[in-house]
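> the following comprises the amino acid sequence and a computationally predicted model.
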Number of protein chains: 2
Amino acid sequence: MDDAPPTKVTLVDIARMAGVGVGTASRALSNAKNVAPSTRARVLRVAEDHHYVVSPEASRLARGNTGRVALVVPHLSRWYFGSVVEGLDSVLRGADLDVLLYHVGGVSDRHAFFDKLPARRKVDAVVVVGFQVEEAERLRLETLGVQIVAAGGQTATYPSVHIDDHVASRQAVDHLIHVGHTRIAMLEAVDPDQPHLPSTRSPGYYEALAQVGIDVDPTLVVTAPWGGEDGAASMSRLLGHPSPPTAVFAHSDEVALGAIRTLRRAGLEPGRDVSVVGIDDHPLAALTDLTTVRQDPAHQGVLAGRMLLEMLDGKEPAEKSTTVDTELVVRGSTAPPRRRHA
Amino acid sequence: MDDAPPTKVTLVDIARMAGVGVGTASRALSNAKNVAPSTRARVLRVAEDHHYVVSPEASRLARGNTGRVALVVPHLSRWYFGSVVEGLDSVLRGADLDVLLYHVGGVSDRHAFFDKLPARRKVDAVVVVGFQVEEAERLRLETLGVQIVAAGGQTATYPSVHIDDHVASRQAVDHLIHVGHTRIAMLEAVDPDQPHLPSTRSPGYYEALAQVGIDVDPTLVVTAPWGGEDGAASMSRLLGHPSPPTAVFAHSDEVALGAIRTLRRAGLEPGRDVSVVGIDDHPLAALTDLTTVRQDPAHQGVLAGRMLLEMLDGKEPAEKSTTVDTELVVRGSTAPPRRRHA
DNA sequence: GAAGCGACTGGAAACGCTTCCAGTCACCAA
DNA sequence: TTGGTGACTGGAAGCGTTTCCAGTCGCTTC
């Protein structure tokens, strides 16, 4: 009854103290069948009294699986990634899986991860958060018997959960059009690590404009990395335009906030003078009155986690690819354009 | 040479193929001493060729330690926590330790964690990020032979890394005083989970005012939870004050941003009409032109990680408690007060 | 030339579980 | 009674390492 004796208690001890064989003790603790209820109770009682816990190493060694899954995350300090991980953690832990964290900064780190596979033999599955893995890398995992799921980031070859970037950008741009803008700029953002990858959020912009017959002015499209400072710089370029836009569609809230700082410093009020819309609904978007398209990364994590559990159960997941909804949230940073010469 | 045969290769196989005993093979792979260089090379070569990796379970079982550390984190999606974890991860992984993530939401989750100790027998050490553990809980871990370190969050009884909240708030408030404010409000924030805990950032406020002979006006101190929305609400109350402040010291950047939204909605311009200063230097602070006191959570994580490594090496850490510096960053949200009747 | 030494090696004994196999036992149907 | 069944049980054989112990071997050192 006194707290946790530092001496090591093993299953054998528990079995002896409960007056049963090790086999029975093991079955009782792992609540397998074929154990008499009274026996099970007795074993459980003894284990409890002695603060006994099975040794995971021994258990896993004997069982053959690891009971762990690796989370591979690029930018943990950013809201989106942290939220996805929170969601994942909650469902995986609920299923008694342990979560091994692998923070991989840039693209080279990611490749290094899949090359050296530090998680090798340590996990039953890998969840990649917010980026794509190359087909060769995926195959490598497959031959190793490690399952893979993507949370955030669309992909055709393995199960994933993500928003529809095309829909999201349509929601944003359609809103600007709807309130009356016609001269709409886009702050397009690319991953500075792989700037050649096309933005998945720009096709919606082009499509929205085309649909209402607005000609795209290519000088109104600025591409930069996805940092806030980059957004600010891009906006500066736009302000130097001979005929500046009345509204701006930013790739993300962060980029949008950068743009807003530039506007303010130029004496322009977002919403009143220039409308700005982002994507994400970052918690600070509400605090900065930013109109945006909301996505729920924690929920994406939850769904990805559930998908993974199904796969570990041996079932094929119901859907290889799950798309979660996004929703326009109108705040103060967008409004109808000012009348000319106002 | 072809990629990863799915058949299981064990140490015994490697040993046989290299023409050595298992003992020698093991020593070669774990680069222990007493192995002839040529033998080691041969073993390594064979292992390499067959994509062999030691089974962590078996290795740990035989060794007796886990090679893992648990990170217990309350709010992964927030910048501060995510950054600390990034820092921790980098140094722990560098030392070949695996990082097990435990996301614990509220205070009750935290207690549940220490009560049930899901990490029991799974880790060699625990790092708690940004909160305190109770003495009883700490002792429990100690008797289990699990080390503990705090990253962020001051504490006397176990090693920790943190900023000096008192100094930080002095830096913020001194700045306001320095530029000429005398009517300075404080938006004090408390953990909604344990609202009884005194704020560690308010004493600096009182001290700073006292030092220059400003009487504290208690109606200028508003206490609320630490969310941005709460900051906004607190600021509203302040704006209703018969003689409102010319400057506001906010417990954190997030609270400050909430306050700023309230100001803007009331037609007041931060900096020009009311000065606002926060603490953290959240990445979005730069984007919103917020004056703040910078702290570097990733670095705190790194230091905590190093401290832990020392402890796992058996050395007492050089310092039980490490304080990292903070630094005032002046931006547009603070300025001298407007002249009366301006 | 015997003894001593140090570098290296092979193999067996843990490490603490899970699971398979061979029982034992009470009970029921024929 | 006999045989069959099904529920339960004990113990042994792994699981894949690490590490200890007992050697072997080639050199020194008296």
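Yep, it's here.
> can you show me the helices along chain A?
Assigned by DSSP state H, chain A shows helices spanning A:11-18, A:22-29, A:37-49, A:56-63, A:79-94, A:107-116, A:135-143, A:165-178, A:203-211, A:228-239, A:253-265, A:283-287, A:297-312.
> from what I see, A:Q300 and A:A151 are in contact.
Yes - if you go by CB atoms under 8 Å, A:Q300 and A:A151 touch, sitting 5.5 Å apart. Every residue, glycine included, has its C-beta placed from N, CA and C.
> give the residues shared as contacts by those two.
When contacts are counted by CB atoms under 8 Å, 6 or more residues apart in numbering or on different chains, A:Q300 and A:A151 are jointly contacted by A:84, A:87, A:161-162.
> please identify which of those is nearest to DNA strand C.
A:G87 (29.1 Å; CB to the nearest atom of the strand).
> quick check: closest non-adjacent residue to that closest one.
The shortest distance from A:G87 to any non-neighbouring residue, by CB to CB, 6 or more residues apart in numbering or on different chains, is to A:G301 (2.4 Å).
> closest one to A:V46 out of the shared contacts of A:Q300 and A:A151, please.
A:G87 (38.2 Å; CB to CB).
> residue contacts, that closest one?
Per CB under 8 Å, 6+ apart, neighbours of A:G87: A:151, A:297-305.
> what's the answer for A:Q295, then?
Contacts of A:Q295 by CB under 8 Å, 6+ apart are A:163, A:168, A:279-281, A:324, A:326.
> redo that, cut-off 7 Å
Going by CB atoms under 7 Å, 6 or more residues apart in numbering or on different chains, A:Q295 touches A:163, A:280-281, A:326.
> now A:K320: how far from A:M307?
Between A:K320 and A:M307 the computed distance is 9 Å (CB to CB, to the nearest Å).
> overlap in contacts, these two.
Joint contacts of A:K320 and A:M307 (CB under 7 Å, 6+ apart) are A:P159.
> among these two, which residue is more densely surrounded?
A:M307 (25 against 13; other CB atoms under 10 Å in any protein chain shown).
> ok, the nearest residue to A:T292 once chain neighbours are set aside - contacts?
Once flanking residues are discounted, A:T292 sits nearest to A:G278: 4.4 Å by CB to CB, 6+ apart. For A:G278, the contacting residues are A:250, A:252-253, A:255-256, A:285, A:290, A:292, by CB under 7 Å, 6+ apart.
> same question, A:T200
With CB under 7 Å, 6+ apart, A:T200 has these contacts: A:D165.
> next: A:V20.
A:39, A:43.
> again with A:A58
B:L61.
> B:H196 versus that one, what's the distance?
44 Å.
> circling back to that earlier point, which of the contacts of A:G87 sit farthest apart?
Using CB to CB for every pair in these, the one that comes out farthest apart is A:P297 and A:G305, at 12.5 Å.
> and of the contacts of A:Q295, the nearest to B:D215?
Among the contacts of A:Q295, and counting by CB to CB, the member closest to B:D215 is A:D281, at 42.9 Å.
> the closest one: neighbour count?
23.
> quick check: chain neighbours aside, which residue is closest to it?
Counting by CB to CB, 6+ apart, the residue nearest A:D281 is A:R294, at 3.6 Å.
> of all residues in the stretch 51-200 of chain A, which one is closest to DNA strand D?
In the stretch 51-200 of chain A, no residue comes nearer to DNA strand D than A:A62, which is 3.6 Å away by CB to the nearest atom of the strand.
> check what pLDDT that residue gets.
What the model reports as pLDDT for A:A62 is 95.
> contacting residues around it?
Applying CB under 7 Å, 6+ apart, no residues contact A:A62.
> what about the closest residue to A:R45 other than its chain neighbours, how many residues nearby?
In space, A:R45 comes closest to A:A18 once its chain neighbours are excluded; the distance is 7.7 Å by CB to CB, 6+ apart. When counting by other CB under 10 Å, one arrives at 20 neighbours for A:A18.
> again, but for the one 10 residues further on
Here the number of neighbours of A:A28 (other CB under 10 Å) works out to 24.
> ok, now how distant is the residue nearest to it when sequence neighbours are not counted from A:A25?
Spatial nearest neighbour of A:A28, excluding adjacent residues (CB to CB, 6+ apart): A:V43 at 3.8 Å. Taking CB to CB as the measure, A:V43 falls 5 Å from A:A25.
> between these two, which has more neighbouring residues?
Under the neighbour definition other CB under 10 Å, A:V43 and A:A25 were set side by side, and A:A25 has more, 28 against 25.
> near chain B, which residues of the stretch 201-342 of chain A?
With the criterion set to CB under 7 Å from any CB of the partner chain, the stretch 201-342 of chain A comes near chain B through A:228, A:257-258, A:261, A:283-284, A:287-289.
> what is the nearest of those to A:V69?
Closest approach between those and A:V69, by CB to CB: A:P283, at 27.0 Å.
> could you check how far that closest one is from DNA strand C?
For A:P283, the distance to DNA strand C (CB to the nearest atom of the strand, to the nearest Å) stands at 42 Å.
> wait, what's in contact with the residue nearest to A:R45?
A:25, A:42-43, A:46.
> over to A:A95?
By CB under 7 Å, 6+ apart, A:A95 lies in contact with A:L309.
> try 10 Å
Shown in contact with A:A95 (CB atoms under 10 Å, 6 or more residues apart in numbering or on different chains): A:67, A:69, A:305-306, A:308-309, A:312-313.
> likewise for A:T326?
A:163-165, A:167-172, A:279-281, A:292-296.
> the closest residue to it other than its chain neighbours: how many residues sit nearby?
Nearest residue to A:T326 in three dimensions, chain neighbours excluded: A:A168, at 4.4 Å (CB to CB, 6+ apart). Neighbours of A:A168 under the rule other CB under 10 Å: 23.
> just the one 4 residues further on next, same as before
Other residues within reach of A:A172, judged by other CB under 10 Å, total 29.
> ok, the closest residue to it other than its chain neighbours - contacts?
With CB to CB, 6+ apart as the criterion, A:A172 has its nearest non-adjacent residue at 4.6 Å, and that residue is A:V277. Counting by CB under 10 Å, 6+ apart, A:V277 makes contact with A:169, A:171-173, A:175-176, A:181, A:184, A:247-250, A:253, A:256, A:290-293, A:328-331, A:333-334.
> among these, name the buried ones.
A:169, A:171-173, A:175-176, A:181, A:184, A:247-250, A:253, A:256, A:290-293, A:328-329, A:331, A:333-334 (16 or more other CB atoms under 10 Å in any protein chain shown).
> what parts of the stretch 1-150 of chain A come near DNA strand C?
A:8, A:10-12, A:22-23, A:26-27, A:29-30, A:32, A:52, A:54-55, A:58-59, A:61-63 (CB under 7 Å from any atom of the strand).
> ok, for A:G231, nearest residue in space, not its chain neighbours?
A:G258 (2.9 Å).
> I'd guessed the one you found sits against A:R264; true?
No - taking contacts as CB atoms under 10 Å, A:G258 lies outside contact range of A:R264: 11.0 Å.
> low-confidence regions, the stretch 151-300 of chain A specifically.
Filtered on pLDDT under 70, the stretch 151-300 of chain A yields no residues whatsoever.
> look up how far DNA strand C lies from A:S160.
Distance from A:S160 to DNA strand C, by CB to the nearest atom of the strand: 31 Å.
> count of neighbours near that residue?
26.
> before we move on, what about A:G267?
Neighbour tally, A:G267, other CB under 10 Å: 7.
> I'd guessed it sits against A:D273; true?
Yes - A:G267 is within contact range of A:D273, at 8.5 Å (criterion: CB under 10 Å).
> which one of the helices of chain A is the most hemmed in?
Highest mean neighbour count among the helices of chain A (mean count of other CB atoms under 10 Å in any protein chain shown): helix A:253-265, with a mean of 26.
> taking helix A:228-239 as reference, get the angle to it.
50 degrees (axes from the mean of the first three to the mean of the last three CA atoms, to 10 degrees).
> any common contacting residues for A:V43 and A:A25?
Contacts common to A:V43 and A:A25, judged by CB under 10 Å, 6+ apart, are A:11, A:14-15, A:17-19, A:35, A:52.
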